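Novice: Here's my sequence, what's the structure:
(one chain, ligands or ions: 1)
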Amino acid sequence: MSKAVIYYSLTGNTKEAAKEIARKLGAKLFEIDLAKPLPRKPAAKMLVGGMQSTFGRTPKIKGVPDNIDYYDEIILGTPIWAGLPASPVNTFIKKYGVADRINAVFTFSGGGDNDRCIAQLSKKLKNLKSEVALADRHSDKAKDNKEKLEQFVKDIK
Ligand SMILES: Cc1cc2nc3c(=O)[nH]c(=O)nc-3n(C[C@H](O)[C@H](O)[C@H](O)COP(=O)(O)O)c2cc1C
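Specialist: Predicted coordinates:
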């Protein structure tokens, strides 16, 4: 079985966890990104990113490895945008034929609820077996991240 941890991260939370998960699993690590970055101004960034997620947009992305078909177990990481997966992750799921090979998901929120995001992903990913909801480093809830992440890694090992 070849495992890959694939993630999108705008401000580094998902990236940090992805690195740790990949290291603990001995999995390959890949970062996907928007081909066209979000606007720089914070308000515009929130608005554009939030709208893209709300409407299930699939903006062009880069960073997906050419040999993506080689990986039969994909662990996917996403920030929560407007209660849902970040838009680059929509693109990855819809356009790269990977949906049935994603068996674990980790999400990061600013402290809000991850349930709606996980519920939406569960509908799209029929082999999803493990998921964990983590909180931004600036949130009070971040204190539980370490323990949750360790349990998540144990579940998928
Ligand atoms: C466009 C946008 C929308 C967001 N929407 C939410 C939200 O609905 N609920 C929430 O708790 N946090 C929300 N956040 C905060 C991020 O989910 C949170 O900061 C997360 O840790 C970011 O992960 P990252 O550092 O890997 O990018 C939003 C952030 C952005 C940029």
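
Novice: rest of the way, CA atoms for contacts and neighbours
Specialist: Noted.

Novice: Can you give me every residue that contacts the residue in the chain sticking out farthest from the centre?
Specialist: For the chain, the residue at maximal distance from the C-alpha centroid (C-alpha atoms, centre = their mean) is residue 41, at 23.1 Å. By C-alpha atoms under 8 Å, 6 or more residues apart in numbering, the contact list for residue 41 is empty.

Novice: Kindly report the same for residue 53.
Specialist: If a contact means C-alpha under 8 Å, 6+ apart, then residue 53 has 81, 82, 84, 85, 86, 87 as its contacts.

Novice: try residue 137
Specialist: Residues in contact with residue 137 (C-alpha under 8 Å, 6+ apart) are residue 13.

Novice: does it sit in a helix, a strand or a coil?
Specialist: At residue 137 the chain is in coil, as set by DSSP: H, G, I helix; E, B strand; the rest coil.

Novice: pLDDT score assigned to it?
Specialist: At residue 137, the model reports a pLDDT of 98.

Novice: and what of residue 113?
Specialist: At residue 113, the pLDDT value in this model is 88.

Novice: From residue 60, how far off is it?
Specialist: Residue 113 sits 27 Å away from residue 60, going by C-alpha to C-alpha, to the nearest Å.

Novice: which bits of the chain sit near the ligand?
Specialist: For the chain, the contact set with the ligand under C-alpha under 6 Å from any ligand atom comprises 9-15, 46, 49-50, 79-83, 108-113, 135-136.
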